[in-house]
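Q: Mind looking at a prediction? Sequence and model below.
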Amino acid sequence: MFTHVDLRTRFGERGYGGLYSSESLVAVLEEVETAFLKARADDAFMDKFKDVLRNFAGRATPVMYAERLSEKYGRRIFLKREDLLHGGAHKTNSTIGQLLLAEYMGKTRIIAETGAGQHGVATAMTGAKLGLPVEVYMGAVDIERQQTNVKRMELFGAQVHPVTNGGATLKDAINEAMRDWITNVGSTYHCFGTAAGPYPYPSMVKFFQSVIGNESRAQMVEMTGALPSAVFACIGGGSNAIGMYSAFEDDPDVLLFGAEPAGASEDPDRHAATLTRGTPGVFHGMHSLFLQNSEGQITNTHSIAAGLDYPGVGPELAAMQDSGRATFEAVSDEETVNVFAELSELEGIIPAFESAHALALALRKAEELDPEATILVCVSGRGDKDLEEYWNYRGI
Amino acid sequence: MFTHVDLRTRFGERGYGGLYSSESLVAVLEEVETAFLKARADDAFMDKFKDVLRNFAGRATPVMYAERLSEKYGRRIFLKREDLLHGGAHKTNSTIGQLLLAEYMGKTRIIAETGAGQHGVATAMTGAKLGLPVEVYMGAVDIERQQTNVKRMELFGAQVHPVTNGGATLKDAINEAMRDWITNVGSTYHCFGTAAGPYPYPSMVKFFQSVIGNESRAQMVEMTGALPSAVFACIGGGSNAIGMYSAFEDDPDVLLFGAEPAGASEDPDRHAATLTRGTPGVFHGMHSLFLQNSEGQITNTHSIAAGLDYPGVGPELAAMQDSGRATFEAVSDEETVNVFAELSELEGIIPAFESAHALALALRKAEELDPEATILVCVSGRGDKDLEEYWNYRGI
Amino acid sequence: MNRFDAAFQQPGRKSFIPFFTLGDPTRAESMRLIRAAIDAGADAVELGFPFSDPVTDGPVNQRSMRRSLSSGMTYNGCVEMVREIRALYPDLPIGLLLYCNLLFKRGERAYAEFAEVGVDAVVCSDLPLEESGRHCELLDAHGIGCIQMIAPNTPTERAARLIDGSSAFTYVISRFGTTGPSARFEDDAVHRVARLRELSDKPLVVGFGISSKEQVADFWNAGADGVIVGSYFSLLVERNLDDLGVARKEIDEFVRAVRS
Amino acid sequence: MNRFDAAFQQPGRKSFIPFFTLGDPTRAESMRLIRAAIDAGADAVELGFPFSDPVTDGPVNQRSMRRSLSSGMTYNGCVEMVREIRALYPDLPIGLLLYCNLLFKRGERAYAEFAEVGVDAVVCSDLPLEESGRHCELLDAHGIGCIQMIAPNTPTERAARLIDGSSAFTYVISRFGTTGPSARFEDDAVHRVARLRELSDKPLVVGFGISSKEQVADFWNAGADGVIVGSYFSLLVERNLDDLGVARKEIDEFVRAVRS
Ligand SMILES: Cc1ncc(COP(=O)(O)O)c(C=O)c1O
Ligand SMILES: Cc1ncc(COP(=O)(O)O)c(C=O)c1O
């Protein structure tokens, strides 16, 4: 069900990764590492994890052949349907893994940050299922924009703390969650939203999300008799991408692509294309690429896809870009919105804006691929959350 | 994957069912009957159906043991997770079956009616997937209340026709869809939203929805080693209920329960409790129970669950009530809203208001059952659509 | 002998049959409208009981039924109106159109009541042949004519059975769709009536959407024994709710023109 | 010899070390505030470079850094301020606090620049021991003191290593949490300092949340060589933005009271 994932501290020649956190967190990060390694080897833990993934979250999710889209673009396109996962996005894979781990560690309180609310909702939902109290930090600006998700978290019994510092969006919410953890490190587990942050989070979240790639691989082989020619995912922090890639990274014939948000324009704070336009830095616990000015002050970002609206990226992806193992390109808000509508109309699936980035890149690359190529796209979530924004954008 | 279902014209001693339609529809209803019988015996059709159910809709859906709820209520409670189905409710099982059948019949245009929009969205979504144009009739009042679903249908490429006649809600939309079909009977297939209407719809939709019961039966046996002691479903027209019951109806030890909407009060137009408070009549193509006045004028109804807000009920359920095989009770808006919150908080699942009716009845009955009893509840859909109404109701 | 039989047996004379929703817009005005049509020379009348959800009717008749119900019209009120009309016009063939549920709720006593007030025939637009056994039996038992409907897509062989199953007359639905005025008909509609004519000598009456005297004449010429005009009149009522005298006058003129 | 070493080696004298964000609220006012503290008798200063996302700081210091950045403060501006302070106070021990990314972006030339302007020690609150190898090497190479931080949950054995890895002094975080004034400390905080004291003779400086002269004395008495007060002063600045003379006066009084 999962790909084998080593817990790595450093990635690639430039040594991305590491553990750059306050001394107050060093001990608990070691505790997380130890617990994770123990839990992963513990059949009881893994059985419970698999059971909750299956019966609560609804795994396995299918891979679907997108017949009408394939016809239109002349390549066989397959969609990994993480949009069908409970909660509406792949985030649930990781919140289940992390919260079970927190329980395993004896932690009694969960904190998380959230941007638009997806990870916050997934954490709150999982906390409700497991009976763990959850507190979520969320930028005041995001709270204003995403009232529905705030109330959804509250319905799950979670407490939502508004963050008014800084830009009052995701980055600031992460900052605040880190501050909470520094303060309440004994009782608390920080459920991080993506495959980034300090060691061991990038590899640990990759492991939890490797279920996406692992299932997809088997499903592609079953459906087509072969591995896919090219795999596409969107990149926020990188958890759905690295989870998907995990099953293919050792197969050099499988091309790996990632789509990041080109946003509204090339102005520094109007996009969030970290891999293609960011520079190396050290922030949020890791050495990786960031959107920042020349002095290292982190920039505010923009994407129509709230889940991609983050100025950093997981260290392993930064390394995969360096090594050439994966190719990253940016996709604009406009392209995203078009593909959002196209997938709805041709395949009866409303993708998350995030996921529409991945598909948009796949459609862009399709004609460069061999006519016999098979394309696998990770539909990381469903787009119900994005309907209003879509109509606003379209002026409907 | 499906239970064996006979196409029956009449149900029970009172002979519910029948085919009470305009002469203009008699021929096409026979055409539907013939095509369905042929398709069901056609491996190619059934394989395609199963394939779309699996890869597009995400079947099988799991049965989940509701640990915290079970603890609280002292009985083992299991939830059939139709909320995880693509589109967010069990409706998709039937829209896929019906639209594949329409394609099989060579029909080139699909019509449907919708109340709050669930069936309309499911039909539009399935139409997009299969490349069939869909037109949906929807009451003007409902359109006003459910803008999101209207735009969602449009995103899937469907046309939504406002219905201003009568109360301008579901019943009127059904009337209008029937009028359309009478007018365009050659090209058109009417995708009906529940296991009701004229022969062969009640049995045909039951067959398509029998996948719920069939899966559940196997899953319960796998999880508990036995059949469930009692099975609960909510009743709008009755499709999720009859689909669920289908796998247990011949096991007399399995108690069957159905929850219908007691709405806001006992005033005739403030509830939609057709089975417990309706009287026999002939309407919408069938002989069944209806909410109507003493002269046979059909009443307007109310339920906080839009999908249950219908003055009729499928004929087979009316017969099962008469025979005592199933027991039906009404659940109020208030109880529904409480259970909606309770399931969210205890199990991390926001149920559709419709499904919350089923769970509310299960919790009401739990203590009457043997302490060793296992309870199976059909969570027919997810409640994202109901969040706003919930907060309105709570005055949040 | 059923009054419809008598009407259809008049040699050389085709029937013109206006349709009205009983009680539209009020019971009293409805009476005056119906009387205007009869007095202008209608050969028979078809009277509809208002129903909350008339699925085989188009918007015009839906609104007509709604007006009637809103004015307080009841089932008993309809029966009493029929009694009144019968008293005024002892020889007039009177047919009723009901949605099945109204009859169902009234129960089997309905048939005796109809017979008692002088109803000649009954049609239910949502009760197809297969479901109408008991209904026809009861009509028969009370000496009331049974009307089956033939739709544009009814196969010939079935049409023959429907004609066979009708007494009084068989109702030929002129076109696909619900009731409501049509500006024009496909030629096909007229041809179809001619073809049905060849199946049987029994009376055929055409209805649904007919709204001009030319259309009436076309269907007569194609072999129909009678033609029903309904929603055209409902529309006249609706357009003249503030001065129903105008509606009555137009109805009078229409009927006289058709009959002239 | 590092100026901090000199300060901590004065027999019988404990150090009081005010912390300021460079450039809060503007470069000029920031200079005057820092000078007020020094002139009132501070034994050393700890100066923070403002950062967009100070994750180990509480709300007070976050706002302080934001004010500084909003006023246009830059990395170079900070370096120049340090140069200016050094020119005014040739013997004053000067420590810097930076978020790791600022140093990272500046690159290795940062260390030479620090040495050149007369920095005595540097601490990064988000650079734990394991990641600080090259950083300490470079500090060392430029004769600048290296500061490691000890947290309340740092195990004793690790604390020993942190002390070992520090030159200049070791920064003992007084309590769980980020920077920000605390009304009171758990007794535990003071006991912990006493226990750490037993591990080593090397200088220990306590900070985070200290905001009264009694608290300063408690930590001194527990064995700390120095105590840092930071966000308390930032708060004074914030509360008196329209009349910073008041802030300077309160800072002056606080330092004098502590030193008296
Ligand atoms: C649907 C969806 N896809 C993708 C992402 C991006 O996250 P990641 O890059 O970690 O997969 C998010 C984040 O919220 C999301 O909601
Ligand atoms: C989630 C859900 N459950 C139940 C129903 C009721 O329909 P039925 O009784 O046909 O299952 C609906 C109808 O829209 C629905 O959306």
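A: Thanks, I have the structure now. Residues are numbered from 1 along each chain as shown, chains lettered A, B, ... in the order given. Ligands and ions are numbered 1, 2, ... in the order given.
Q: When you work out contacts or count neighbours from here on, use the C-alpha atoms and nothing else.
A: Fine.
Q: Tell me which residues of the one helix or strand C:Arg134 maps to come out buried.
A: Assigned by DSSP states H and E, C:Arg134 falls within helix C:133-141. Neighbour-count burial for helix C:133-141, counted by 16 or more other CA atoms under 10 Å in any protein chain shown, picks out C:His135, C:Cys136, C:Leu138, C:Leu139.
Q: Provide a list of residues in contact with the third one.
A: So that's C:Leu138. Contact analysis of C:Leu138 by CA atoms under 8 Å, 6 or more residues apart in numbering or on different chains lists C:Glu108, C:Tyr111.
Q: at 7 Å what do you get?
A: C:Tyr111 (CA atoms under 7 Å, 6 or more residues apart in numbering or on different chains).
Q: And the spatially closest residue to A:Gly348 that is not a sequence neighbour, its phi and psi?
A: Using CA to CA, 6 or more residues apart in numbering or on different chains and skipping the chain neighbours, the partner closest in space to A:Gly348 is B:Met125 (4.3 Å). Here is the backbone geometry of B:Met125 (degrees, to the nearest 10): phi -60, psi -50.
Q: burial of B:Met125, as a residue count?
A: 33 (other CA atoms under 10 Å in any protein chain shown).
Q: Kindly list the longest strand within chain A.
A: Using DSSP state E, we find that the single longest strand of chain A is strand A:255-263.
Q: mind listing what that strand pairs with, with the direction of each?
A: Strand pairing for strand A:255-263, using DSSP bridges, gives strand A:230-234 (parallel), strand A:326-332 (parallel).
Q: Who are the contact partners of A:Gly74?
A: Contacts of A:Gly74 were listed using CA under 7 Å, 6+ apart, and none were found.
Q: Within range of chain D, give me the residues from the stretch 101-250 of chain A.
A: A:Asn175, A:Met178, A:Arg179, A:Ile182, A:Thr183 (CA under 7 Å from any CA of the partner chain).
Q: Present those as JSON lines; the columns should include distance to ligand 1.
A: Conversion of these to JSON lines gives the following (distance: CA to the nearest ligand atom, whole Å):
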{"residue": "A:Asn175", "distance to ligand 1": "17"}
{"residue": "A:Met178", "distance to ligand 1": "18"}
{"residue": "A:Arg179", "distance to ligand 1": "21"}
{"residue": "A:Ile182", "distance to ligand 1": "23"}
{"residue": "A:Thr183", "distance to ligand 1": "25"}
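Q: between those, which is closest to A:Asp309?
A: A:Asn175 (14.9 Å; CA to CA).
Q: Leaving out chain neighbours, which residue sits closest to the closest residue to chain D within chain A?
A: In chain A, the residue that lies nearest chain D is A:Thr183 (3.6 Å; CA to the nearest CA). With sequence-adjacent residues excluded and distances taken as CA to CA, 6+ apart, A:Thr183 is closest to D:Gly177, at 3.6 Å.
Q: Establish whether stretch C:110-123 and chain B are in contact.
A: No: Stretch C:110-123 lies apart from chain B when judged by CA under 7 Å from any CA; the minimum separation is 11.5 Å.
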